[in-house]
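S.K.: Whatever this is, show me its structure:
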Amino acid sequence: MGFNKPTEEMLEKLKAAVPGRVYLGEDISEDFTHDEYDVHGHFMPDAVVSCKTTEEVSAVCKLCYEYEVPIVPRGAGTGLSGGCVPTSGGVVIDLQKMNQIHEIDLDNLVIRAQAGALIDDVQKACQDKGMLYPPDPGEKFATLGGNVATNAGGMRACKYGCTRDWVLAMTVVMPNGDIMRFGAEVSKNCSGYSLMNLMCGSEGTLGIITELSMRIAPNPTGTISFLAPFTDVETCIACVSKVKLANLNPQALEFMDRENVASVEKFLDKKVYPDKIDGEEVGAYLLVNFEVFSDDEIDDLLEKAAELFVENGALDVMVYDTPAALANAWLVRGSALEAILEQFELTDECDVVVPISHLAELINYCSALQEETGVAIRLTGHAGDGNVHVSLCVNDMSQEEFEAICKECFDKIYAKGKELEGAVSGEHGIGNCRIDRLEEYLGKEQMDLMVAIKKACDPKMLLNPGKVCYSL
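M.R.: Numbering: from 1, shown residues only. Next up is the predicted model:
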């Protein structure tokens, strides 16, 4: 599929439409050539346009559509699947300056913001009003629009679901520059096809999200965390369903194996979790967070949860109920990716999701690949929703050799995930690196249907080409 490059005439029109914020040649930051993982490639765009309004995004799209130049929307570039990489050059529309939080509407429990608002800022703004923005992806300096475009998950998905579940309405610029409003700020909506939900998780291939209305919830009075160490993965994961069946309703339910914890503690230069309990080696941990909305809940929750964990194989239960203790407990889990990127020269990751009943089997299968391949494998997981992050990590290896080993490992991991009735990605998305994997799971008929939807929204196939449902 061939695309045009911007002409001098088009570039002059871009500069007139967005004065002072069109970047060319050496003025383009190297950051715009890649996402968080270098393995997805470095591709130089022909231009970067930093927009501040929906109308500016529309003007850029109209010009690109007229001159048939690719358009790549980009938030903070924190993705892990190559979704914002300009593989065909073209114009990158940088949405980071569209970062305004317009309003928190307490009567309707809605926050209204531009797509470039950072998740950290959105969460803090809600907290200042005594409210909670529940979606909680690991990267707090990702953008709100990027989270919606990838249907980001995170640790709180165990209780609150993914980002899609909190979207009420959005403003979207279509590839031809048309501005549309999808959804409505209402509690229920049975009004035709849900085009809003089609945009959620579409990774910027169908339209460019510029404004959002998101649901919010009352902030809990406080939170309590438990760390439950287990001797092995099977016993650890088997406890997950018991927690849910007991109606304890955890906000987050996270898994880490001992090897990964040791690696993170080395990075942090501090020991946080016990590696032995009464002489027994710890093999895996569940880190669980509970919300409380009144002091009356605390004692009952502490007793019920601690008893449940011990009855189901936990070697002990550690309770964290002060701000300092909570921060320390979650520091290990929150530093997992940062530790990997610091300790290894080359890394790549998949985030297969399976039914919770099959999670232990998938984790053990992935662990066994470490000895088979000689590549370091780091495992963390959202145990509460069956999503496991498998990071392949090496030092002192060429990019080509690493990519070959990754393909071999991922072939096996994805095949196992499919065997266990899972899905390709729980939260990171497809981007430019998992298109073949998606077809393996869904089949050609569903891929063709997605391409047809893409063509209906984007007849010239200019918007973020070569992502999600088809390769270039």
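S.K.: For the helix or strand containing Asp411, name the packing helices and strands.
M.R.: Assessed by DSSP states H and E, Asp411 sits inside helix 399-419. Identification of packing neighbours for helix 399-419 by 3 or more CB pairs under 8 Å, 6 or more residues apart in numbering; DSSP states H and E yields strand 346-350, helix 359-373, strand 387-394, helix 435-442. Just so you know, the C-beta spots here come from the backbone N, C-alpha and C atoms, and that holds for glycine as well.
S.K.: Hey, what's the angle from the shortest one to helix 359-373? Just curious.
M.R.: Strand 346-350 and helix 359-373 are oriented at 150 degrees to each other (axes from the mean of the first three to the mean of the last three CA atoms, to 10 degrees).
S.K.: What residues sit buried inside strand 346-350?
M.R.: Counting neighbours by 16 or more other CB atoms under 10 Å, one finds that the buried residues in strand 346-350 are Leu346, Thr347, Asp348, Glu349, Cys350.
S.K.: count of residues packed around Cys71?
M.R.: Careful, residue 71 is Ile and not Cys. 27 (other CB atoms under 10 Å).
S.K.: and the closest residue in space to it that isn't next to it in sequence, what does it touch?
M.R.: With CB to CB, 6 or more residues apart in numbering as the criterion, Ile71 has its nearest non-adjacent residue at 4.7 Å, and that residue is Cys64. Cys64 sits next to Pro70, Ile71, Gly90, Val91, Pro175, Leu462 when contact means CB atoms under 8 Å, 6 or more residues apart in numbering.
S.K.: Confirm that Cys64 sits in a strand.
M.R.: No. In this structure, Cys64 is helix, not part of a strand, as judged by DSSP: H, G, I helix; E, B strand; the rest coil.
S.K.: Relative to Asn432, how far out is it?
M.R.: Distance from Cys64 to Asn432, counting by CB to CB, to the nearest Å: 19 Å.
S.K.: And for Asn395?
M.R.: 25 Å.
S.K.: how long is stretch 247-262 end to end?
M.R.: 32 Å (CA to CA, to the nearest Å).
S.K.: Then stretch 166-182?
M.R.: Using CA to CA, the distance between the terminal residues of stretch 166-182 is 14 Å.
S.K.: Would you indicate which residues of that stretch are buried?
M.R.: Residues of stretch 166-182 classed as buried by neighbour count (16+ other CB under 10 Å): 166-177, 179, 182.
S.K.: how about low-confidence regions in the stretch 1-150 of the chain?
M.R.: 1 (pLDDT under 70).
S.K.: Can you give me the neighbour number for Val388?
M.R.: There are 25 residues near Val388, going by other CB under 10 Å.
S.K.: Surely it is in contact with Leu359?
M.R.: Yes. Using CB atoms under 8 Å, Val388 is in contact with Leu359, at 6.6 Å.
S.K.: Which neighbours do those two have in common?
M.R.: With CB under 8 Å, 6+ apart, Val388 and Leu359 have common neighbours Phe255, Gly381.
S.K.: How much space separates Glu139 from Gly146?
M.R.: Counting by CB to CB, the gap from Glu139 to Gly146 is 9 Å.
S.K.: Mind checking which of the two has more residues around it?
M.R.: Shown here are Glu139 and Gly146; by other CB under 10 Å, Gly146 has more neighbours (30 against 19).
S.K.: Please confirm that that one is located within a helix.
M.R.: Yes. Gly146 sits within a helix when classified using three-state DSSP.
S.K.: Tell me the spacing between the closest residue to it other than its chain neighbours and Asp316.
M.R.: Spatial nearest neighbour of Gly146, chain neighbours left out: Gly75 (3.3 Å); criterion: CB to CB, 6+ apart. Per CB to CB, Gly75 is found 42 Å from Asp316.
S.K.: okay, now Ile111: neighbour count?
M.R.: Neighbours of Ile111 (other CB under 10 Å): 26.
S.K.: what's the answer for His34, then?
M.R.: 19.
S.K.: Quick one: residues contacting it.
M.R.: His40, Gly41, His42, Phe43, Gly77, Val85.
S.K.: Which members of the residues you listed occur in strands, if any?
M.R.: Using DSSP state E, no member of the contacts of His34 sits in strands.
S.K.: before we move on, what SS does Ser213 have?
M.R.: Ser213 - assigned by three-state DSSP - is strand.
S.K.: State the number of residues packed around it.
M.R.: 22.
S.K.: same check, this time on the one 10 residues further on
M.R.: The number of residues packed near Thr223 is 16, by other CB under 10 Å.
S.K.: again with the one 4 residues further on
M.R.: By other CB under 10 Å, 24 other residues sit near Leu227.
S.K.: Give the full set of residues in contact with it.
M.R.: Applying CB under 8 Å, 6+ apart, we find Leu227 in contact with Tyr273, Tyr285, Leu286, Leu287, Val288, Val317, Met318, Tyr320, Ala329.
S.K.: go with 7 Å
M.R.: By CB atoms under 7 Å, 6 or more residues apart in numbering, the contact list for Leu227 reads Tyr273, Tyr285, Leu287, Met318, Ala329.
S.K.: contacting residues for the most centrally placed residue in the chain?
M.R.: Centroid check for the chain by CA atoms, centre = their mean gives Ala152 as the closest residue, at 3.8 Å. Contact analysis of Ala152 by CB under 7 Å, 6+ apart lists Pro135, Pro137, Cys162, Thr163, Glu427.
S.K.: Is it correct that the third one is in contact with Gly153?
M.R.: Translated: Cys162. Yes. With contact defined as CB atoms under 7 Å, Cys162 reaches Gly153; the gap is 4.7 Å.
S.K.: So for the two, which residues contact both of them?
M.R.: Shared contacts of Cys162 and Gly153, defined by CB under 7 Å, 6+ apart, are found at Glu427.
S.K.: one step back: what sits up against the helix holding Asp411?
M.R.: Taking CB under 7 Å, 6+ apart as the rule, helix 399-419 contacts 39, 346, 348, 350, 352, 354, 362, 365-366, 369, 373, 375, 390, 392, 394, 424, 437, 440-441.
S.K.: before we move on, what about stretch 177-195?
M.R.: 54, 58, 61-62, 65, 108, 110, 167-174, 196, 199, 213.
S.K.: and these, which of them are in strands?
M.R.: In this view, the contacts of stretch 177-195 that belong to strands under DSSP E are Val110, Val167, Leu168, Ala169, Met170, Thr171, Val172, Val173, Ser213.
S.K.: between the residues you listed, which is nearest Lys244?
M.R.: For the ones in strands among the contacts of stretch 177-195, the minimum distance to Lys244 (CB to CB) is 25.1 Å, reached by Val167.
S.K.: is the closest one in a bridge, and if so with what?
M.R.: Residues in a beta bridge with Val167, per DSSP bridges, are Met214.
S.K.: check contacts around Cys239.
M.R.: Here Cys239 is in contact with Ala228, Leu286, Phe309, Asn312, Gly313, Ala314 (CB under 7 Å, 6+ apart).
S.K.: What's the local residue count around the third one?
M.R.: Which is Phe309. Per other CB under 10 Å, the neighbour tally for Phe309 reads 23.
S.K.: That one: what's it in contact with?
M.R.: Phe309 neighbours (CB under 7 Å, 6+ apart): Phe226, Ala228, Cys239, Val317.
S.K.: With pLDDT and distance to Lys5 added, can I get those in JSON lines?
M.R.: Output for those, formatted as JSON lines (pLDDT from 0 to 100; distance: CB to CB, whole Å):
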{"residue": "Phe226", "pLDDT": "93", "distance to Lys5": "57"}
{"residue": "Ala228", "pLDDT": "97", "distance to Lys5": "57"}
{"residue": "Cys239", "pLDDT": "95", "distance to Lys5": "57"}
{"residue": "Val317", "pLDDT": "96", "distance to Lys5": "61"}
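S.K.: That's all I had, so thanks and see you.
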